[in-house]
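J.: With the sequence up front, the predicted model follows.
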Amino acid sequence: MSPHRIIIDTDPGVDDAIAILLALASPEIELLGISVVAGNVPLEATVSNACKIISLSGCVDVPIYAGAPGPLVREQVYGKYAHIGAFSDTLVPPASVRPQEEHAVDFLVRMTRQAAADNDPIVICAIGPMTNLALALVQHPDVARGIRQVVSMGGAFTALGHRTPWAEYNIYADPHAAQIVYASGVPVVVMPLDMTFQALITEKNIAAIGENAGAAGAAIAGLLRTFDRSDMQRFGRPGGPVHDATTIAWLLEPEIFEGRAASVGAQVSGKTAGYTYADFYGKTGLPMNATVMNGVDEARFLEMLEERLSIYGRGR
Amino acid sequence: MTATPIIIDCDPGIDDAIAILTAFVSPELEILGITPVCGNQPLERTVRNALQICELGHRADVPIFAGCFRPLFRDPIYGQFHGESGLGNTVLPGPAKKIEEKSAVDFLIESCEAAAKSGRKITLCTLGPLTNVAVALRMKPAIAEGIERIVMMGGAFREAGNRTITSEFNILADPHAAHIVFSTDIPIVALSLDATHQVILTPEHAEKFSGSAGRLAKPLSEMMAFWDRNDVRRYGSRGGPLHDPLVIAYVLAPQLFETQTARVFVEHESELCMGQTIADWYGKSGKNPNVEIVTKVDAKGVYDLFLDRLSRYALEEVR
């Protein structure tokens, strides 16, 4: 089977780092590049973090592109854990790579148009606010044609009250961009909080990754331990979600996820801006533009992380 | 005298065509490029029309960069007064001229970055929806430093809308892009309907202009005749407003225009008032005024200017 050709559009971020490292640990995936956007932290920090993650992986040929420094229309908001900022050199060693000159949006336009011309569309794993992708989609119709699907970490349908009472952060941070992507005609696989809250990484998993996954594992463990991602009140048990990594896990083992078709959209204005809605029953008559994941085999997902990431401990 | 470097961002369009043809024969302007966008017509058409207009004006040397094929957020709407081709019933040959490889957005970014470095800042003349400019600004906000100002056809302040009750076409076609542009601190001159409805291209003017325009007499006369709204109740006479050409007229002869400064906001949430431009005339918002809104036009001066410029097409030395 030919590998999944993907671009990760990201705002690293701790779980972004795990997603990127998971992708690079997987021979089934060809990572064409990393397009970086402002989100969890300002663009300068997300770009710096992306460079550090790629350096850490040893896959220094994967190009990194700096993208949009802020959302399309709304004012900028940063992530819940923005205080982590740029990864410190103690947590993640200094980068040995630098971002490319080309803008992330130009990179997305170039790659997708080429993919459309070659009739070999690529997958975009969108794990931050979708500003870059939206800015690419309006520039040429072939951008949408060159994307097989967008695997998007974002949204919340019943698991509300994470970033705001009504919205998940990636959508909240740029609801217009999310809606542009949802309405673009590209099939979207939605990884909402409803599903990511079901797979909680615990200290046991973190310790195993820290021990077996070399320098990458040590950095991941360090990052995961920097702040407490658990929420006993919410989850009723220890552990924290690894939202972004589910996008890559789905490409690798879709059978461990459950989902259903829906028409998905984002509320872009008013009090509930950033709210995502899903029409599972065709009430709106709108096209079923998305598959919304609502279940994941937690044990298998965590096992996959431990297994796959251990490649970094085997002299990669 | 050194020429003012300009980029014409447009969606031709009959009035865009008149604006561009005027700019071609104005040595005060150095046209760095033309960036058509989806607007009066779908992108494919506005690009083709721009290429044809360059050839018509014997200015195939001006590079054309294709812009965004759709508005940022909303579904596209198209103009209602430009006929099927966008240039009325006028049939132009070709075009043999080709568009550049580079996209309009990249051209805008690169030109403005270079201008910021050299200090020779660019005047953006925007005649259509602001999608290209907004996308460029969101990709690289620092390009604002390379923009001298934006002279824009768009908006309606004291005048009512022309496409909806409240809204002028260019803003309505991409209100989110307009919001992005008006939210910057780039100096903006707005030629809104408040201004353009003061300068109606009557059949008499059309005849005079095209009659003096030498080899352009036929296409100009056709386009200008097509432009006649035939709505005396609204415009006070036969003819149609000289919307886009006023942008070029302003850059050439600002002394013909009176302005009032205000912060401008764009409605992009309410369906009823979508695309409405709202001027804070009296500082109620607490935000710095960033737009010079043209309130009064010396129509006679402007007519004379266009007559002078378009008649240059009758001269031998015009290429």
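T.: Here it is on my side, so go on. Computed from a prediction, not measured in an experiment: that's the story for all the values here.
J.: For the closest residue to chain B within chain A, which residues are in contact?
T.: Closest residue of chain A to chain B, Cβ to the nearest Cβ: A:S269 (4.2 Å). Every residue, glycine included, has its C-beta placed from N, CA and C. By Cβ atoms under 8 Å, 6 or more residues apart in numbering or on different chains, the contact list for A:S269 reads A:175, B:268-269.
J.: And for B:V297?
T.: B:195, B:198-199, B:246, B:256-258.
J.: before we move on, the earlier item: which of the contacts of A:S269 count as buried?
T.: A:175, B:268 (16 or more other Cβ atoms under 10 Å in any protein chain shown).
J.: Mind jotting down where the strands sit in the chain?
T.: Just so you know, I chose chain A. According to DSSP state E, chain A carries its strands in the segments A:4-10, A:29-36, A:64-66, A:122-126, A:147-153, A:188-191, A:200-201, A:240-241, A:257-266, A:276-279, A:290-296.
J.: nope, chain B please
T.: B:4-10, B:29-36, B:122-126, B:147-153, B:188-191, B:200-201, B:240-241, B:257-266, B:277-280, B:291-297.
J.: What residues does the stretch 51-200 of chain B have near chain A?
T.: B:68-73, B:103, B:105-106, B:109, B:131, B:135, B:138-141, B:176, B:179-180 (Cβ under 8 Å from any Cβ of the partner chain).
J.: Please flag which of those residues sit within helices.
T.: B:105-106, B:109, B:131, B:135, B:138-139, B:176, B:179-180 (DSSP state H).
J.: picking that back up, just send the strands of chain B back as CSV, with distance to A:A116 too.
T.: Formatted as CSV, these follow (distance: least, Cβ to Cβ, whole Å):
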stretch, distance to A:A116
strand B:4-10, 26
strand B:29-36, 22
strand B:122-126, 29
strand B:147-153, 32
strand B:188-191, 36
strand B:200-201, 43
strand B:240-241, 40
strand B:257-266, 33
strand B:277-280, 37
strand B:291-297, 39
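J.: which stretch among those comes nearest A:Y78?
T.: Within those, the stretch nearest A:Y78 is strand B:257-266; the backing value is 25.3 Å (Cβ to Cβ).
J.: what lines up beside the closest one in the sheet?
T.: strand B:277-280 (antiparallel), strand B:291-297 (antiparallel) (DSSP bridges).
J.: Mean pLDDT added to those, as JSON lines?
T.: Putting the strands paired with strand B:257-266 into JSON lines (pLDDT from 0 to 100) gives the following:
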{"stretch": "strand B:277-280", "mean pLDDT": "98"}
{"stretch": "strand B:291-297", "mean pLDDT": "98"}
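J.: okay, B:E317: pLDDT?
T.: pLDDT recorded at B:E317 is 64.
J.: ok, now B:E84?
T.: 88.
J.: show me what contacts it?
T.: So B:E84 contacts nothing (Cβ under 8 Å, 6+ apart).
J.: ok and the residue in chain B nearest chain A?
T.: B:E269 (4.2 Å).
J.: For the nearest residue to that residue once chain neighbours are set aside, give its distance to B:K121.
T.: In this structure, B:E269 finds its nearest non-sequential neighbour in A:S269, 4.2 Å apart by Cβ to Cβ, 6 or more residues apart in numbering or on different chains. Counting by Cβ to Cβ, to the nearest Å, the separation of A:S269 from B:K121 is 34 Å.
J.: The stretch 151-300 of chain A: helices as residue ranges?
T.: A:169-173, A:175-182, A:193-196, A:203-212, A:214-226, A:232-235, A:245-252, A:298-309 (DSSP state H, counting those that start in this stretch).
J.: Compare the mean pLDDT across those and name the weakest.
T.: Minimum mean pLDDT among those: helix A:232-235, a mean of 89.
J.: quick one: contacts of that one?
T.: Here helix A:232-235 has contacts from A:197, A:200, A:238, using Cβ under 8 Å, 6+ apart.
J.: Pop out the phi and psi values for the most centrally placed residue in chain A.
T.: In chain A, the residue lying closest to the centroid (Cα atoms, centre = their mean) is A:I127, at 1.9 Å. Main-chain dihedrals, A:I127, degrees, to the nearest 10: phi -120, psi 20.
J.: pLDDT score assigned to the residue nearest to B:E269?
T.: 92.
J.: before we move on, back to that, need the contacts of A:S269 in a markdown table (columns: distance to B:E207).
T.: Shown next, in a markdown table, are these (distance: Cβ to Cβ, whole Å):
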| residue | distance to B:E207 |
| --- | --- |
| A:P175 | 52 |
| B:H268 | 41 |
| B:E269 | 45 |
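J.: Closest one to B:F24 out of the contacts of A:S269, please.
T.: Of those, the one sitting nearest to B:F24 (Cβ to Cβ) turns out to be B:H268, at 34.5 Å.
J.: number of nearby residues for the residue nearest to the closest one when sequence neighbours are not counted?
T.: The shortest distance from B:H268 to any non-neighbouring residue, by Cβ to Cβ, 6+ apart, is to B:P175 (4.1 Å). A count of nearby residues for B:P175, using other Cβ atoms under 10 Å in any protein chain shown, gives 28.
J.: now A:G222
T.: A:G222 has 17 nearby residues by other Cβ under 10 Å.
J.: Now it: closest residue in space, sequence neighbours ignored.
T.: That would be A:L91: by Cβ to Cβ, 6+ apart, it lies 4.6 Å from A:G222.
J.: and that neighbour, backbone torsions?
T.: phi -80, psi -50.
J.: Double-check it against A:A221; I have them as touching.
T.: No: when contacts are counted by Cβ atoms under 8 Å, A:L91 is not listed as touching A:A221 (9.7 Å).
J.: residues contacting B:G161?
T.: Counting by Cβ under 8 Å, 6+ apart, B:G161 has contacts B:167-168, B:172, B:193, B:275-276.
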